[in-house]
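Colleague: Please work out how this folds:
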Amino acid sequence: MELFDLPQGSRPHGLRFSSDGRWYVTLENFDQLVELSKADGSILKTYSVAFDDPASEGVVGPHGFAIDRQDRLWYTGRTSDVLGWVDPKSGEHRQFVLETRSLIAPNYDHELVKPAASAPINIEFDDKGNAWFVNLQTSEIGRIDEQNQLSLFKIEGFETDNTRPINVFQGPLGYIWVTIEGDNSSSVTGTQQSLGGIARFDPETESFKAYPQTLSKGAGGVLGVAPHTVWFQYQEQALVELAVDEAGRIEQSTKALPDIGKRVMHRMAQGPDANIWFTSLHADVVSRLVTHQQGLPVYAFADAASSEQYLSALPQEWTELQAESSSYGDPDPLFLSSLQTANATATWRFQDRVTGQTVWTIDPSEQAEWATNGRYDLQGYDFHVFDDANDADGLIPIYRAVDGSSGALTWYTDPSDVSSEIHDADSVAWYAHAMPRNATYV
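Modeller: Numbering: from 1, shown residues only. Sure, this is the predicted structure:
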């Protein structure tokens, strides 16, 4: 683990990576979005989202953060009731003002959320390019479409007008899901209204279907690993997996967590290892819940000079391969390395003395030949895969072919990634679980 210092008092909050691997963070108390170096955490570029005249208009407070398909940086102004985006390519900055801003402006305190504020705190995108956000204090989710039209939808089904939505995401079948913290009014303490839950929003009918929960206040949510599932996070005690279909919830299972004292869980994400990762901000803990789809992500790194690939499932290697002194480019997620189950087999890793390339195989005849012909050095055993498509559910083929221009071996999962000439001569190297479509890659 590495720690990077940012300016004192800047209050970094949102963190995202762009499609080309750039690392961006919001500095909430500085009204800035910044690009950071992945090597040392230094600030490479700064984008101000402050008002034109902060002396009369107050602070913005960029809190929630997301990046759209055009790599524009979107933010929510928790203390200002504005949302906006910055285009790093052009420098263009656009803001969207919520009607409630007229009730609270100006606000000069980044730490103060005024009672009349909407307080937008989280923003995400659906697969059509719409931006979805939650208004913490007005019990709403909002949408900004690609025509820049802003719409608000009042959350229903929890028997309170003070649901306090926490985060929003697109789930299976195109529905929008929102997690609910629950009413924080002292008059309803201990009631169902105070506990929140999770709700599904249908963009076509503009209607909600609520799923109140019962253990503690609600927090985060995320699209599930298994097909047609979503996950819900309590602030304390447990995570919940819901299986859903067109009609709604089919079933749900509660995953109890170890008692470590007060947690205050706040956010969760599906990692590239197909597990569920989540934060406990009061306990200063980041945790992982291992799912039935567990595996280690295997990335392909391409050498900038030779275009040769290097496959790795080791986080320590990833750091070294992405160092400024390295000739390897940004990683391409390929597949999951399996657990050491009865049907899984370890790849053999060799060094080719002629080309210098590192190569992998599970073919017994190839292993025997390479181990004895003097051209290859056996370096050890590596990530686990399968030699038959029927060894486990949901396996995909991992192809291996010879690049005609360089003569190097290349591995890929999508035949369209290579020329038809290369793919025509390919063979299936092995089978593996696919990288989760909605995983968070860093």
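Colleague: so Arg94 bridges to which residues?
Modeller: Listed beta-bridge partners, Arg94: Trp85 (assigned using DSSP bridges).
Colleague: Repeat that for Phe133.
Modeller: Judged by DSSP bridges, the bridge partners of Phe133 are Ile123, Gly142.
Colleague: my guess is it meets Asn122, correct?
Modeller: Yes: checked against Cβ atoms under 8 Å, the pair Phe133 and Asn122 is within contact range at 6.3 Å. Just so you know, the C-beta spots here come from the backbone N, C-alpha and C atoms, and that holds for glycine as well.
Colleague: Compare these two (neighbour count), which wins?
Modeller: Just comparing Phe133 and Asn122: by other Cβ atoms under 10 Å the higher neighbour count belongs to Phe133, 29 against 26.
Colleague: State the distance from that one to Pro54.
Modeller: In this view, Phe133 and Pro54 are 23 Å apart by Cβ to Cβ, to the nearest Å.
Colleague: And the pLDDT for Asp330?
Modeller: The model reports Asp330 with a pLDDT of 78.
Colleague: let me fix that: Glu206
Modeller: With respect to pLDDT, Glu206 scores 97.
Colleague: go on, Ala439?
Modeller: Residue-level pLDDT assigned to Ala439 equals 60.
Colleague: from here on, count from 13
Modeller: Okay, using 13 as the starting number, the last item reads as Ala451.
Colleague: what residue ranges in the chain are flagged as low confidence?
Modeller: 13, 284-286, 304-306, 351-353, 437-438, 449-454 (pLDDT under 70).
Colleague: Which parts of it are helices?
Modeller: Using DSSP state H, the helices of the chain run over residues 66-69, 113-116, 327-333, 376-384, 432-436.
Colleague: just those helices: most buried one?
Modeller: Among those, helix 113-116 has the highest mean neighbour count (mean count of other Cβ atoms under 10 Å), at a mean of 16.
Colleague: between the helices of the chain, which one is nearest to Gly33?
Modeller: helix 327-333 (12.2 Å; Cβ to Cβ).
Colleague: For the stretch 263-412 of the chain, just list every one of the strands.
Modeller: For the stretch 263-412 of the chain, the strands defined by DSSP state E, counting those that start in this stretch cover 277-282, 288-292, 297-301, 308-314, 321-324, 344-349, 357-364, 370-373, 388-397, 407-414.
Colleague: just checking, what packs against the fourth one?
Modeller: So that's strand 308-314. With contacts defined as 3 or more Cβ pairs under 8 Å, 6 or more residues apart in numbering; DSSP states H and E, strand 308-314 has these neighbours: strand 321-324, strand 344-349.
Colleague: I'd like the ones you listed laid out as a markdown table, including mean neighbour count and distance to Ala250.
Modeller: Converted to a markdown table, these look like this (neighbours: other Cβ atoms under 10 Å; distance: least, Cβ to Cβ, whole Å):
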| stretch | mean neighbour count | distance to Ala250 |
| --- | --- | --- |
| strand 321-324 | 22 | 34 |
| strand 344-349 | 22 | 26 |
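Colleague: Could you say which one of the ones you listed comes nearest to Ser102?
Modeller: strand 344-349 (27.7 Å).
Colleague: Export the helices of the chain as TSV, with columns for distance to Arg365.
Modeller: Written out in TSV, the entries for the helices of the chain read as follows (distance: least, Cβ to Cβ, whole Å):
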stretch	distance to Arg365
helix 66-69	63
helix 113-116	67
helix 327-333	21
helix 376-384	11
helix 432-436	24
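Colleague: thinking again about what came up before, now the helices and strands packed on strand 308-314 in CSV, with distance to Ser338?
Modeller: Output for the helices and strands packed on strand 308-314, formatted as CSV (distance: least, Cβ to Cβ, whole Å):
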stretch, distance to Ser338
strand 321-324, 10
strand 344-349, 15
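Colleague: neighbours of Met107, just the number please.
Modeller: Careful, residue 107 is Gln; it's not Met. The burial count for Gln107: 16, using other Cβ under 10 Å.
Colleague: for Lys140, same thing?
Modeller: Count around Lys140 with other Cβ under 10 Å applied: 11.
Colleague: rewinding a little: identify whichever of the helices and strands packed on strand 308-314 lies nearest to Pro100.
Modeller: Short answer: strand 344-349, nearest of those by Cβ to Cβ, at 22.4 Å.
Colleague: Which residues are in contact with the closest residue in space to Asp83 that isn't next to it in sequence?
Modeller: Of all residues not flanking Asp83 in the chain, Ser30 sits nearest, at 4.7 Å (Cβ to Cβ, 6 or more residues apart in numbering). For Ser30, the contact set (Cβ atoms under 8 Å, 6 or more residues apart in numbering) comprises 36, 79, 83, 100.
Colleague: Looking at those, spot the one nearest Ile210.
Modeller: Nearest to Ile210 among these, with distances taken as Cβ to Cβ, is Ile79, at 24.4 Å.
Colleague: between the helices and strands packed on strand 308-314, which gets nearest to Tyr120?
Modeller: When the helices and strands packed on strand 308-314 are compared for distance to Tyr120 using Cβ to Cβ, the nearest one is strand 344-349, at 44.1 Å.
Colleague: Does anything pack onto the closest one? Which helices or strands?
Modeller: Packing partners of strand 344-349 (3+ Cβ pairs under 8 Å, 6+ apart): strand 308-314, strand 388-397, strand 407-414, strand 439-446.
Colleague: quick one: which of the ones you listed is nearest Val242?
Modeller: Of all the helices and strands packed on strand 344-349, it is strand 439-446 that lies closest to Val242, at 19.3 Å by Cβ to Cβ.
Colleague: now for that closest one, which elements pack on it?
Modeller: strand 344-349, strand 388-397, strand 407-414.
Colleague: quick one: the second one to chain centroid distance?
Modeller: For strand 388-397, the gap between its own C-alpha mean and the chain's C-alpha mean amounts to 30 Å (Cα atoms, centre = their mean, to the nearest Å).
Colleague: just the last one next, same as before
Modeller: The chain centroid and the centroid of strand 407-414 are separated by 26 Å, computed with Cα atoms, centre = their mean.
Colleague: Contact partners for the residue lying closest to Val200 once chain neighbours are set aside?
Modeller: Excluding the flanking residues, the one nearest Val200 by Cβ to Cβ, 6+ apart is Ser206, at 4.9 Å. By Cβ under 8 Å, 6+ apart, the residues touching Ser206 are 194-197, 200, 229.
Colleague: re the thing from before, can you redo the strands of the stretch 263-412 of the chain as TSV with distance to Leu95?
Modeller: Below are the strands of the stretch 263-412 of the chain laid out as TSV (distance: least, Cβ to Cβ, whole Å):
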stretch	distance to Leu95
strand 277-282	19
strand 288-292	24
strand 297-301	28
strand 308-314	32
strand 321-324	39
strand 344-349	30
strand 357-364	47
strand 370-373	47
strand 388-397	42
strand 407-414	38
